[in-house]
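Enquirer: The following block contains a protein sequence and its predicted model.
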Amino acid sequence: MRLGLMALPLAFFALFFAYPVVAIVGRGLKDGGQWRLGRIGEVVADPDVLHVLWFTVWQAAASTALTLLIALPGAYVFARFDFPGKQVLRAVVMVPFVLPTVVVGSAFLALVGRGGLLDDLWGVRLDTSVWAILLAHVFFNYAVVVRTVGGLWGQLDPRQEEAARVLGAGRFTAWRRVTLPALGPAVAAAALMVFLFTFTSFGVVQILGGPTFSTLEVEIYRQTADFLDLPTAAVLTMIQFAAVLGLLALHAWTVRRRESALRLVDAAQTARRPRGRGQWALLWGTLAVIAVLLVMPLAVLVERSFAAPGGYGPAFYDTLLSAGSADSTFAVAPLDALWNSLAYGAAATLIALVVGGLAAAALTLRTRSAETPAAGQLVRGFDALLMLPLGVSAVTVGFGFLITLDEPPLDLRSSWWLVPLAQALVGVPFVVRTMLPVLRAVDGRLREAAAVLGASPWRVWREVDLPIVRRAVLIAAGFAFAVSLGEFGATVFIARPDQPTLPVAVARLLGRAGELNYGQAMALSTILMVVCAGALLALERIRPTDHSGEF
């Protein structure tokens, strides 16, 4: 039964993930049918490549440390405090995470770039410094720490810390000796997730880093698209893949440790209104951080989209409705990219729900007999495979699509479905991670009782599991749709020129000089932000109770 559920997800990942990645790496390391493994040493020894690798690791580590420093107080506030507007604020915090990295880069470009708000007010520009990249990464990953650490923090029994204080420990000592060890695995898991996202950063670094700064992902794109140097790109892909595998293995270990070592309580019982000046100061300080770091870049993005040459107005939005001239960025109206993105996103969501739903069901299936160690390893390996698209180079996947899916029976280069298939690869991990906690919470005795009464496996799923997980399915669909809208690394290769997606359109506009192109990029980014935020606010209204701090 489990292998049957795993068949479609395994086939999907084999055809549309493993095959393109292996093919692009193999083509880069082969010359005339012979393997050129010596190329690996040549690339690794290149000083420029070493510089890129060092910067990739350094900026990921710095971004992770800065994100933890800024976001951990927010995690405590959302976990322990109850205040008006908390649910709306939770949705606001999540908006940056589901935004496309291209939009994040555009928002910070409008804030700290040439002609941005800081440049206009004080003549300060950060787009040529690493600080713009670090702050954009904090903006993007703030919600990861708040949801991962805060979700667990809210379920820790506060009476344990109170008991330590009754025994004479000070507030800080009680927190350090009791709460921090319990939160350690969650903090480690959040740090690993942030490091993974920033280690593979593409859109943010491409827009804000310019020619000065380059991560492995950006360098893979440059070597592939600009220089057509497949051997170098292949080696860089292998380096990134090896690093991601190590990170995912470490992340899986911390998650297993967290789930097995902690006893949790209902989060609703631990939240209360702030008391005392210190707690109110922490709440207002967190609100100020959210306003400055998360809301201001988005507000500036909206403001710049209306700052037309003749005064504030919808001039840039009006130009999105018409196709440009022969030498313009697009052969179609830029706003057509919105409809393309919505159609692609809907198709990608459907694929991700089918593949991810089957995978989640396979991971939670209980066999009648005790599982063998081999079966347990198979399940853990399958779970890790589902997460790989979040860390493997999307650029490599996109270019791999072009060179592998061009022969029957998989000649898809001219197919409309090529883009949704690539976007679904990113959506599947979110579907799995959203549905797993709920599926694991379903009482297996309900399934067994239905089976004893003669229900088929399909009827058991339809009448027992589906009513319980319906809300989780809606949540998963919303996340898959949002991340599909924002996928850029693979789509930039495979989207047809006459059918660009919104992130591709924004990147093209930002890559061309001129006030009109910049204004249109800000307008398109604002539209994409509103669509993603609307989807997320809808999710918050149907959000089920958190389960063990799952993100």
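Expert: Alright, I've got the coordinates. This structure is a prediction, so every number in the text was calculated from the model and none was measured.
Enquirer: Centre of the chain to stretch 55-73, how far?
Expert: How far stretch 55-73 lies from its chain's middle: 16 Å, per CA atoms, centre = their mean, to the nearest Å.
Enquirer: Could you do stretch 134-143 as well?
Expert: How far stretch 134-143 lies from its chain's middle: 12 Å, per CA atoms, centre = their mean.
Enquirer: Equivalent analysis for stretch 299-306, please.
Expert: Stretch 299-306 has its average C-alpha position 24 Å from the chain's average C-alpha position, going by CA atoms, centre = their mean.
Enquirer: Pull out the buried residues from it.
Expert: By 16 or more other CB atoms under 10 Å, the buried positions in stretch 299-306 come out as Val300, Leu301, Val302, Arg304, Ser305, Phe306. C-beta: built from backbone N, CA, C; applies to glycine.
Enquirer: so can I have CSV of these showing secondary structure, distance to Val102 and pLDDT?
Expert: Converted to CSV, the buried residues of stretch 299-306 look like this (DSSP: H, G, I helix; E, B strand; the rest coil; distance: CB to CB, whole Å; pLDDT from 0 to 100):
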residue, secondary structure, distance to Val102, pLDDT
Val300, helix, 16, 87
Leu301, helix, 12, 86
Val302, helix, 16, 89
Arg304, helix, 15, 86
Ser305, helix, 15, 89
Phe306, helix, 20, 91
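Enquirer: and the longest helix along the chain, average pLDDT?
Expert: Longest helix of the chain, by residue count under DSSP state H: helix 47-80. The average pLDDT for helix 47-80 rounds to 92.
Enquirer: surely Ile40 meets Val235?
Expert: Yes - with contact defined as CB atoms under 8 Å, Ile40 counts as touching Val235 (5.2 Å).
Enquirer: Now list whatever residues contact both of those two.
Expert: Where contact means CB atoms under 8 Å, 6 or more residues apart in numbering, the residues bridging Ile40 and Val235 through contact with each are Leu29.
Enquirer: higher neighbour count, the two?
Expert: Set Ile40 next to Val235 and count neighbours by other CB atoms under 10 Å: Val235 wins out with 25 against 15.
Enquirer: and Val469, how far is that from Thr364?
Expert: Counting by CB to CB, to the nearest Å, the separation of Val469 from Thr364 is 10 Å.
Enquirer: the inter-axis angle of the helix or strand following the longest helix of the chain versus helix 47-80?
Expert: Reading on from helix 47-80 to the C-terminus, the next helix or strand found by DSSP states H and E is helix 86-98. Regarding helix 86-98 and helix 47-80, their directions subtend 170 degrees when assessed with axes from the mean of the first three to the mean of the last three CA atoms, to 10 degrees.
Enquirer: Contacts for helix 86-98, please.
Expert: 74, 78, 104, 139-144, 146-147, 287, 290, 294-295, 298, 479, 482-483, 486, 529, 532-533, 535-537, 539-540.
Enquirer: Just the buried subset of those residues, please.
Expert: Buried positions within the contacts of helix 86-98, assessed by neighbour count (16+ other CB under 10 Å), are 74, 78, 104, 139-144, 146-147, 287, 290, 294, 298, 479, 482-483, 486, 529, 532-533, 535-537, 539.
Enquirer: Okay, buried residues for the helix or strand harbouring Ile40 please.
Expert: Secondary structure here is read from DSSP H and E; on that basis Ile40 sits in helix 38-44. Buried residues in helix 38-44, defined by neighbour count with 16+ other CB under 10 Å: Arg39, Val43.
Enquirer: distance between the helix or strand Leu378 falls within and the chain's centre?
Expert: Under the criterion DSSP H and E, the helix or strand holding Leu378 is helix 373-387. For helix 373-387, the distance from its own C-alpha centre to the chain's C-alpha centre is 22 Å (CA atoms, centre = their mean).
Enquirer: Identify each buried residue in the next helix or strand after it, please.
Expert: Per DSSP H and E, helix 373-387 leads on to helix 394-404 as the next helix or strand towards the C-terminus. Along helix 394-404, the positions that meet the burial threshold by neighbour count (16+ other CB under 10 Å) are Ala394, Val395, Thr396, Val397, Gly398, Phe399, Gly400, Phe401, Leu402, Thr404.
Enquirer: quick one: average confidence on helix 394-404?
Expert: The average of the pLDDT scores along helix 394-404 is 84.
Enquirer: Also stretch 362-376?
Expert: For stretch 362-376, the mean pLDDT works out to 62.
Enquirer: And the helices in the stretch 101-250 of the chain?
Expert: 101-112, 117-122, 130-153, 158-166, 171-174, 180-199, 203-209, 216-221, 230-261 (DSSP state H, counting those that start in this stretch).
Enquirer: now the ones you listed in TSV, with mean pLDDT?
Expert: Putting the helices of the stretch 101-250 of the chain into TSV (pLDDT from 0 to 100) gives the following:
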stretch	mean pLDDT
helix 101-112	82
helix 117-122	76
helix 130-153	86
helix 158-166	69
helix 171-174	69
helix 180-199	80
helix 203-209	83
helix 216-221	88
helix 230-261	73
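Enquirer: Same list (the ones you listed) but as a markdown table, adding distance to Arg413.
Expert: Supplementary listing: the helices of the stretch 101-250 of the chain in a markdown table, determined by distance: least, CB to CB, whole Å:
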| stretch | distance to Arg413 |
| --- | --- |
| helix 101-112 | 24 |
| helix 117-122 | 43 |
| helix 130-153 | 32 |
| helix 158-166 | 58 |
| helix 171-174 | 60 |
| helix 180-199 | 30 |
| helix 203-209 | 24 |
| helix 216-221 | 19 |
| helix 230-261 | 18 |
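Enquirer: Nearest to Gly311, out of those?
Expert: Of all the helices of the stretch 101-250 of the chain, helix 117-122 sits nearest to Gly311, with 15.6 Å by CB to CB.
Enquirer: CA-only coordinates of that closest one in PDB, if you can.
Expert: What follows is helix 117-122, C-alpha atoms only, in PDB (Å, rounded to 0.1, in the frame of the first residue of the first chain):
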ATOM      1  CA  LEU A 117      13.600  56.600  -0.100                       C
ATOM      2  CA  LEU A 118      16.900  56.700   1.900                       C
ATOM      3  CA  ASP A 119      18.700  58.200  -1.100                       C
ATOM      4  CA  ASP A 120      16.100  60.900  -1.500                       C
ATOM      5  CA  LEU A 121      15.900  61.800   2.200                       C
ATOM      6  CA  TRP A 122      19.500  61.400   3.400                       C
END
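Enquirer: could you say what helices and strands that helix packs with?
Expert: With contacts taken as 3 or more CB pairs under 8 Å, 6 or more residues apart in numbering; DSSP states H and E, helix 117-122 sits against helix 101-112.
Enquirer: Could you chop this structure up by domain?
Expert: The record assigns the chain these domain ranges, following automatic domain parsing: 1-28+315-365+374-544, 44-302.
Enquirer: Need those in JSON lines (columns: distance to Trp35).
Expert: Conversion of the domains of the chain to JSON lines gives the following (distance: least, CB to CB, whole Å):
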{"stretch": "domain 1-28+315-365+374-544", "distance to Trp35": "8"}
{"stretch": "domain 44-302", "distance to Trp35": "11"}
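Enquirer: how about those domains, which one is nearest Arg36?
Expert: Put simply, out of the domains of the chain the one that sits nearest Arg36 is domain 44-302, at 6.8 Å, with distance taken as CB to CB.
Enquirer: Quote the end-to-end distance of the closest one.
Expert: Taking CA to CA, to the nearest Å, domain 44-302 runs 43 Å from one end to the other.
Enquirer: can you pull the contacts of Leu282?
Expert: Pro73, Tyr76, Val77, Pro274.
Enquirer: Give me the distance between the residue lying closest to the third one once chain neighbours are set aside and Phe81.
Expert: Distances taken as CB to CB, 6 or more residues apart in numbering put Thr286 closest to Val77, at 4.6 Å, once the chain neighbours are dropped. Between Thr286 and Phe81 the computed distance is 9 Å (CB to CB).
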